[in-house]
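Asker: Fold the following for me, if possible:
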Amino acid sequence: MMYVARILYPVEVLGPGKRIGIWFDGCIHHCPGCSNPELWEQQERYHVSAETVLKMVRLIAQENPVDGFTLTGGDPFLQPEALGELLEPLSRISRDILVYTGYLYEELKERYPHLLEWIAVLIDGPYLEAGNRALPLIGSDNQRIIFLQENLREQYAPILRRQTSRIQNFRVRDGVISVGIHRPDYEERLAEAAQRKGLEIKHE
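Answerer: Next up is the predicted model:
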């Protein structure tokens with residue numbers, strides 16, 4: 001069993017191509033300004049089996065092109081055993097597996113080398129709001145984009161050449177989920193825009 005809060009497709013702002021995004025639930029870093037604070041605490045409503053997650057992924061992949069996976073959260077490495085249950089089956093669909101984590105690569109290399117073998121790109125380090133430059137793929141400038149599979153570096157090059165990050169909004173049953181690297185003032189600007197249109201923003 002594992003805690004997974006969201007599975008979205010096609011995610012096009014957190015890696016190249018049309019990707020399946022998987023949001024793990026639970027994080028101990030609690031970075032100020034985090035874009036997903038609602039995923040800090042593990043909630044029973046997000047408690048699912050690996051079989052359920054993989055079934056949903058395979059249903060998407062049967063009907064759609066999948067260029068890669070982006071695993072974020074929350075922090076996937078808070079649940080290393082659950083992460084391990086997913087990585088090998090996901091790699092059969094695409095070897096381009098990008099993982100976001102608040103832990104440092106050096107720590108993960110020491111503790112979970114068997115998991116890193118399945119990961120193509122790792123973005124490591126805690127989010128620091130003061131270092132948010134709205135850069136492609138990274139939340140703050142202390143974070144590193146580490147290519148564990150060097151053959152994918154060229155594939156990521158067009159994204160990394162962009163001057164700024166992109167945002168993608170997904171309509172879901174109970175509202176909208178905004179995906180991507182947001183500027184620090186994103187929520188204020190969104191609230192102002194919603195107010196001008198007479199809309200109310202509710203947080204989970």
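
Asker: What's the biggest strand in the chain, counting residues?
Answerer: Assignment by DSSP state E gives strand 2-11 as the longest strand of the chain.

Asker: In its sheet, which strands sit next to that one, and in what direction?
Answerer: When pairing is defined by DSSP bridges, strand 2-11 lines up against strand 19-24 (antiparallel), strand 47-48 (antiparallel).

Asker: Mind putting these into TSV with mean pLDDT?
Answerer: As requested, those are arranged in TSV below (pLDDT from 0 to 100):
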stretch	mean pLDDT
strand 19-24	98
strand 47-48	98
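
Asker: among these, which is nearest Glu110?
Answerer: Closest approach to Glu110 among the strands paired with strand 2-11 (Cβ to Cβ): strand 19-24, 21.0 Å. C-betas here are computed from N, CA, C, even on glycine.

Asker: For the most centrally placed residue in the chain, list each beta-bridge partner.
Answerer: Nearest to the mean C-alpha position of the chain, by Cα atoms, centre = their mean, lies Thr72 at 2.9 Å. With beta bridges defined as DSSP bridges, Thr72 has these partners: Trp23.

Asker: mind checking pLDDT for it?
Answerer: On the pLDDT scale, Thr72 is placed at 98.

Asker: Wait, Cys105 touches Phe147, no?
Answerer: Let me fix one detail, which is that residue 105 is Tyr and not Cys. No - under the criterion of Cβ atoms under 8 Å, Tyr105 lies out of contact with Phe147, with a separation of 11.1 Å.

Asker: ok, the residue lying closest to Ala61 once chain neighbours are set aside - contacts?
Answerer: If the residues on either side of it in the chain are set aside, Ala61 comes closest to Ile93, at 5.2 Å by Cβ to Cβ, 6 or more residues apart in numbering. Ile93 makes contacts with 57-58, 61, 66, 69, as judged by Cβ atoms under 8 Å, 6 or more residues apart in numbering.

Asker: Leu59 sits in which helix or strand?
Answerer: Using DSSP states H and E, the element containing Leu59 is helix 50-63.
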